[in-house]
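# Following is a predicted model, sequence given first.
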Amino acid sequence: MYTLAVCAEMVFRDLPVHERARRIHDAGFQVEIWDWSRHDLTALERTGAVFSSMTGYLRGSLTDEDGAAELLRTAEESVEVAERLGCPRLNLHGTGLDGHGLPVVPVAGAATGPMWMAAHRTLTRLAELGERAGVTFTLENLNTAVDHPGVPFATAANTLALVEAVDRPGLRMNLDLYHAQIGEGNLIELVRRAHGRGLIGEIQVADVPGRCEPGTGEINYPALARTLADLGYAGTVAMEAWASGDSDLALERFRSAFAR
């Protein structure tokens, strides 16, 4: 069955990230991080944690050739770090995000045809890079209404379409149910559709509103957990959520929501 992971960027925030990773590991979860270049990699290695996912690029964009070149270059650096940490998945977005989650190069309106073609070419090259290195790049859906306005290819539908069009094992979807609930809803059918096409590389969760741990908002995560069990989903479910209060309690609420 599925494995549970927790994003170290969003819990135990009074501690250094490597100490957060240790706490998450000691609680029985795998660990996710964001931008690896901001962290002490040696300290992370020494935690003994199992790293599930990290950001797979530092800069760049899927929408134009110059941005794609930078994304690919920094993805190669990320692959080397992933090998060092034993991290199997590298996460992507349509463009680079700043410290507030806003796109470095925003797109006004819908992505154009040339943007879609550029994204397809770049994602194909990233998939090939992942296959050579033995890692999987995951393309995450985001919401543009609350957290990430101006990000291209943000919806679950667009992300799923790109991953399906590339059709290579080195690229899968990071299905973020928090973002999907804000942007599209109908989460159980979305999970069924993506799983049925074999395109899910990981599932991320947080509740709505507030982006805190499951059980603090409107999403029926126990029902989604039953759906995943019924489908035989054997991948990772990661809590990418702020702790609403005590971080240890947030982890236990997450575990309880996905108990099998």
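Received it, and whenever you're ready, just let me know what you need. Residues are numbered from 1 along each chain as shown.
# buried stuff in stretch 109-117?
By neighbour count on 16 or more other Cβ atoms under 10 Å, the buried set for stretch 109-117 is 111, 115, 116. Bear in mind the C-beta positions are built from the backbone N, C-alpha and C, glycine included.
# gap between that stretch and the chain center?
Averaging C-alpha positions (Cα atoms, centre = their mean, to the nearest Å) puts stretch 109-117 22 Å from its chain's average.
# Alpha carbons of that stretch, as PDB, please.
Coordinates of each C-alpha in stretch 109-117 appear next as PDB, following Å, rounded to 0.1, in the frame of the first residue of the first chain:
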ATOM      1  CA  GLY A 109      -4.200  34.200 -19.500                       C
ATOM      2  CA  ALA A 110      -4.000  30.800 -20.900                       C
ATOM      3  CA  ALA A 111      -0.800  29.200 -22.300                       C
ATOM      4  CA  THR A 112      -0.500  29.600 -26.000                       C
ATOM      5  CA  GLY A 113       0.100  26.800 -28.500                       C
ATOM      6  CA  PRO A 114       3.800  27.500 -28.800                       C
ATOM      7  CA  MET A 115       4.100  27.400 -25.000                       C
ATOM      8  CA  TRP A 116       2.500  24.000 -25.000                       C
ATOM      9  CA  MET A 117       4.900  22.700 -27.600                       C
END
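# For residue 231, see how far away residue 196 is.
Using Cβ to Cβ, to the nearest Å, one obtains 8 Å as the distance from residue 196 to residue 231.
# Compare these two (neighbour count), which wins?
Set side by side, residue 196 and residue 231 give different neighbour counts by other Cβ atoms under 10 Å, the larger being at residue 231 (14 against 10).
# Wasn't residue 207 part of a helix?
No: in this structure, residue 207 is coil, not part of a helix, as judged by DSSP: H, G, I helix; E, B strand; the rest coil.
# picking up where we left off before, give me the subset of the buried residues of stretch 109-117 lying in helices.
Judged by DSSP state H, the buried residues of stretch 109-117 include 115, 116 as members of helices.
# Name the nearest of the buried residues of stretch 109-117 relative to residue 258.
Each of those was scored against residue 258 by Cβ to Cβ, and residue 111 proved nearest at 33.5 Å.
# Burial check on residue 75, number of neighbours?
Other residues within reach of residue 75, judged by other Cβ under 10 Å, total 25.
# quick one: contacts for it?
Remark: with contacts taken as Cβ atoms under 8 Å, 6 or more residues apart in numbering, residue 75 is in contact with 56, 57, 60, 90, 126, 129, 137.
# wait, which of those is closest to residue 189?
Set against residue 189, the nearest of the contacts of residue 75 by Cβ to Cβ is residue 137 (25.4 Å).
# That'll do, ta.
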